[in-house]
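[1] The following comprises the amino acid sequence and a computationally predicted model.
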Amino acid sequence: MLLRDPFTKALYDARRSLFGWTVAVVAVGALYASFWPTMQTPEMARAMESYPKGLLEAFNYSDLTSAAGYLGSAVYGLLVPLLVAVFAIAAGARAVAGDEEAGTLDLVLAHPVGRARLALCRYAATAAGVVTVPVLLGLALVALRGPARFDGIGVAGFAAMTLHLTLFGLAFAALSFAVGAATGRRAPALGVSAGVAVLGYLANSVLPQVESLAWARELSPFHWYLGGSPLVGGVQPGGALLLAAATVLLVAGGTWAFTRRDLAV
């Protein structure tokens, strides 16, 4: 039964990768979050004031004077989304293109499963893994809320941030999945998705420092994810809907392309 169910089989095959990435992201997020008490010292405040404002904005370190600002910048604003994006892109590229490049896709399709169902089940398994990482990170930070003195941040704030991070990861997984399903190759999937991630980060953090390029921020998935500070402002419907819509369109487009091309098997 395990081998005949594409969803369960994909989850089973990715179990080691999912475990490793989950441990890594949660550990990094919890480690940086636990540094918050040290950020409240006068020495650290003076050190941060010595950095150029543009440099701090480029790294999403726009507000380090409050627990919400610190977590939104140092944890959810830089390292964690980049790690989640890398994990999601790699998993999405492997979903369909991995088997096709390995020459084993014909064996998979020899089972009673159509192309559309296979593609959707593979993305669903990828999505399950992507959802796991932000949820466990959110639970870890909620557990640290008291010991690390995250004053002013409630469980609802962490829930909203977790939702946004999840949608962010799903969107990049969908992009990588779509390119891989349309081309049958992981290299284009990884390259295109990584390029979008880099350009999206620059559009959100670097380009807006030039007044004439401030409009680029509105096109960035990083802005859809971080805009409005979900950690304190709650779920931001605009950004959340844009990420969700992008995910649906990319998965649908990738599945459609996969069902209508010749397979390299």
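    Arrived safely.
[2] For residue 153, which non-adjacent residue is closest in space?
    residue 68 (5.2 Å; Cβ to Cβ, 6 or more residues apart in numbering). For the C-beta atoms, the positions are set from N, CA and C on the backbone; glycine is no exception.
[3] contact partners of the helix or strand containing that neighbour?
    For residue 68, the host element (DSSP states H and E) is helix 67-70. Helix 67-70 is touched from outside by 36, 39, 62-64, 148-153, 157, 229, 231-232, with contacts defined as Cβ atoms under 8 Å, 6 or more residues apart in numbering.
[4] circling back to that earlier point, burial count for the residue nearest to residue 153?
    20 (other Cβ atoms under 10 Å).
[5] For the protein, which element, helix or strand, carries the lowest mean pLDDT?
    When each helix and strand of the chain is scored by mean pLDDT, DSSP states H and E, helix 53-58 comes last, with a mean of 57.
[6] coming back round to it: keep only those of the contacts of helix 67-70 that are in helices.
    Of the contacts of helix 67-70, the ones assigned to helices by DSSP state H are 157, 231-232.
[7] Does residue 203 belong to a helix, a strand or coil?
    Using DSSP: H, G, I helix; E, B strand; the rest coil, the secondary structure recorded for residue 203 is helix.
[8] roughly how far is the helix or strand following the helix holding residue 68 from the heart of the chain?
    With elements assigned by DSSP H and E, the helix or strand that comes after helix 67-70 is helix 80-102. Helix 80-102 sits 11 Å away from the centroid of its parent chain (Cα atoms, centre = their mean, to the nearest Å).
[9] begin at 768 from here
    That works, and once the first residue is 768, the last one we named lands at helix 847-869.
[10] Just want the most central residue of this protein.
    With distances taken as Cα atoms, centre = their mean, residue 936 lies nearest the centre of the chain, 2.5 Å away.
[11] In contact with that one, which residues?
    With the criterion set at Cβ under 8 Å, 6+ apart, residue 936 makes contact with 851-852, 854-855, 897-898, 900-901.
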